[in-house]
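A.B. asks: Below is the structure, and that's it, no one-letter string:
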Ligand code: MGP
């Protein structure tokens, strides 16, 4: 015996339900693997370093990432002394956070001339490496990234959680350098935050290079 044919009103209900499902599938946002927080630092010398750090906003979808990115100033338009930091939700963008305390950073130092040509592109690529979890199994080691806009030369860095995790650090360094298109002959260095925080001269020794 075949199933009874639903009455017209039943068919309409089915169609409405189907339309709702299609709408949800078509228009729902695309989730990121992590929730991220964007921070801004403005150098006000009358305040402590930590007091100058402000949380801008958090996001966890592709769409909200682009909405935020398109809403804020490009790094090259910021005043010298300002930073952006993008960190996984729950990690503060400072050496003192328990997930940064034993960590370090892959540091990209830019010449003054690179501000025009490279700064914004390098920072966007860095953000995409983070939100896109570009470092395979080692993406878990990533805490965040920081851009320092400085008159003496801008800096961009990816912060990782443990300066003893050699495999993770070397993999992240290799992929990062490749994604930025840094030429092979240009060497980038990884330094522990402990060394950076206690440095006496102008440079911190590299624990790893790529
Ligand atoms: P900076 O902003 O990272 O680099 O550190 P900048 O301005 O290029 O200076 P340089 O010393 O690298 O040439 C500047 C100063 O900000 C540091 O010397 C610290 O006093 C302070 N600072 C920076 N960071 C990332 C931290 C941090 O995580 N915690 C605290 N407490 N102070 C920090």
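C.D. replies: The structure has been received and is ready for your questions. Worth saying up front: this structure is predicted, and the values here are computed from it rather than measured.
A.B. asks: and residue 154, how many neighbours does it have?
C.D. replies: 24 (other CB atoms under 10 Å). Any C-beta I mention is one placed from the backbone N, CA and C, and that applies to glycine too.
A.B. asks: Find the nearest non-adjacent residue to it, please.
C.D. replies: residue 110 (4.6 Å; CB to CB, 6 or more residues apart in numbering).
A.B. asks: Now for that neighbour: which residues touch it?
C.D. replies: Contact partners of residue 110, counting by CB atoms under 8 Å, 6 or more residues apart in numbering, are 118-119, 122, 153-156.
A.B. asks: Any chance of the residues you listed in JSON lines with distance to residue 141 as columns?
C.D. replies: JSON lines is the format used below for these (distance: CB to CB, whole Å):
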{"residue": "118", "distance to residue 141": "25"}
{"residue": "119", "distance to residue 141": "25"}
{"residue": "122", "distance to residue 141": "21"}
{"residue": "153", "distance to residue 141": "27"}
{"residue": "154", "distance to residue 141": "24"}
{"residue": "155", "distance to residue 141": "20"}
{"residue": "156", "distance to residue 141": "18"}
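A.B. asks: Now flag whichever of those residues is closest to residue 55.
C.D. replies: Comparing the contacts of residue 110 against residue 55 with CB to CB places residue 156 closest, at 20.1 Å.
A.B. asks: Can you tell me the SS state at the closest one?
C.D. replies: Following DSSP: H, G, I helix; E, B strand; the rest coil, the label given to residue 156 is strand.
A.B. asks: can you tell me which of the contacts of residue 110 are up against the ligand?
C.D. replies: For the ligand, no contacts are drawn from the contacts of residue 110 by CB under 6 Å from any ligand atom.
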